[in-house]
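Asker: Return a 3D structure for these sequence lines:
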Amino acid sequence: MRKSLWVGMAFAALLAGCASKGVYESDAVVTETFTVNTNYEAAFRRAGEYVRTCHVQVQHAYNVAYAWRHVKGEKGAPDEVQLYKVTEPARVLELISAETASPSTSKVTITVLGEGRWDAAEIAAAKASIQSATPVCRKGAEG
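Answerer: Sure, this is the predicted structure:
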């Protein structure tokens, strides 16, 4: 019994090591950086509101569910909003970071996987949401 338990744990560790990190490893990522006329904290809150409103709190086809996490930047790195599929928490599909550009502006970078719905249209929706402080989700067949 112990041998089979060890083999199962080794197999699980092997699979976890092979899990895709999404935007961190893909060659197809799409990224846009822009300035927002608000402070860093407000830009970051807007990013979180966008992912909650347009991805997390929405009923998706095939019962797909998304979640997000806030990752504190270390050693001067910007904080991040990471969006992922609930069943694949290690695979980041969309990454939004915000940092101070000046006392009254922020630099926001949106990176998406570059596959399926995680494309330039997704970046445009996130950008419009963060700039306007009102979530603007993709419509119809686009998302």
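Asker: Give me the neighbour count for residue 125.
Answerer: Neighbour count of residue 125, defined by other CB atoms under 10 Å: 20. Yep, even glycine has a C-beta here, placed from its N, CA and C like the rest.
Asker: What of residue 20?
Answerer: For residue 20, using other CB under 10 Å, the count is 13.
Asker: can I assume it is in contact with residue 93?
Answerer: No: between residue 20 and residue 93 there is no contact under CB atoms under 8 Å: 10.3 Å.
Asker: And the helices in the protein?
Answerer: 2-18, 40-51, 120-132 (DSSP state H).
Asker: can you tell me which residues contact the residue nearest to residue 105 when sequence neighbours are not counted?
Answerer: The shortest distance from residue 105 to any non-neighbouring residue, by CB to CB, 6 or more residues apart in numbering, is to residue 35 (5.3 Å). By CB atoms under 8 Å, 6 or more residues apart in numbering, the residues touching residue 35 are 101, 105, 106, 107, 108.
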